[in-house]
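K.L.:
attaching a predicted model along with its sequence, questions to come.
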Amino acid sequence: MLNRLKGWTPFDVSTLLDVVADALDDLPPTAMDVPDLLHRLHHHLGQLANISIANEANNKDADVARLLLRGETLRATPPPAEPAEALGHLRQVGWVVNELVERLVETQYMKGTE
């Protein structure tokens with residue numbers, strides 16, 4: 001338990017939104033940046049899943065449940081090797097993370113930026 005507390009970092013919605021913006025920006029990230037952004041989005045998706053499950057939002061809200069399922073499907077899918085397809089995959093994950101955080105804030109399961 002102590003090790004888990006030592007490794008704990010508070011959830012930062014601003015950082016999440018920055019990563020989403022980088023993934024979904026009109027100016028696409030470079031092929032070299034895609035793996036790092038995807039890793040960061042997967043991390044945020046895991047945090048959002050934990051928040052959803054802890055609050056039972058996944059059982060109480062069909063949209064949250066749908067987004068979590070979509071997110072887990074995308075996380076389990078290896079990113080394509082072709083750069084354009086990898087960018088498309090990254091953007092799909094970015095949209096799911098964005099929609100999930102918006103839904104959790106809207107339904108008051110978590111706080112947004114203030």
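P.N.:
Everything's here; your move. Numbers count the residues shown, from 1 in each chain.
K.L.:
please enumerate the strands of this protein.
P.N.:
Remark: no strands are assigned in the chain by DSSP state E.
K.L.:
the lengthiest helix in it - contacts with which helices or strands?
P.N.:
Looking across the chain with DSSP state H, the single longest helix is helix 83-106. Judged by 3 or more C-beta pairs under 8 Å, 6 or more residues apart in numbering; DSSP states H and E, the packing partners of helix 83-106 are helix 13-24, helix 34-54, helix 62-76. To be clear about C-beta, it is placed using only N, CA and C from the backbone, and glycine gets the same treatment.
K.L.:
what packs against the longest one?
P.N.:
Packing partners of helix 34-54 (3+ C-beta pairs under 8 Å, 6+ apart): helix 13-24, helix 57-60, helix 62-76, helix 83-106.
K.L.:
which stretch among those helices is buried most, on average?
P.N.:
helix 83-106 (a mean of 19; mean count of other C-beta atoms under 10 Å).
K.L.:
and that one with helix 13-24, angle?
P.N.:
Between the axes of helix 83-106 and helix 13-24, defined by axes from the mean of the first three to the mean of the last three C-alpha atoms, to 10 degrees, the angle is 150 degrees.
K.L.:
picking that back up, make JSON lines out of the helices and strands packed on helix 34-54 and add mean pLDDT and distance to A31.
P.N.:
Converted to JSON lines, these look like this (pLDDT from 0 to 100; distance: least, C-beta to C-beta, whole Å):
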{"stretch": "helix 13-24", "mean pLDDT": "93", "distance to A31": "13"}
{"stretch": "helix 57-60", "mean pLDDT": "92", "distance to A31": "34"}
{"stretch": "helix 62-76", "mean pLDDT": "96", "distance to A31": "19"}
{"stretch": "helix 83-106", "mean pLDDT": "96", "distance to A31": "4"}
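K.L.:
that older thread, run the chain-centre distance for the longest helix of the chain.
P.N.:
With C-alpha atoms, centre = their mean, to the nearest Å as the basis, helix 83-106 stands 7 Å off its chain's centre.
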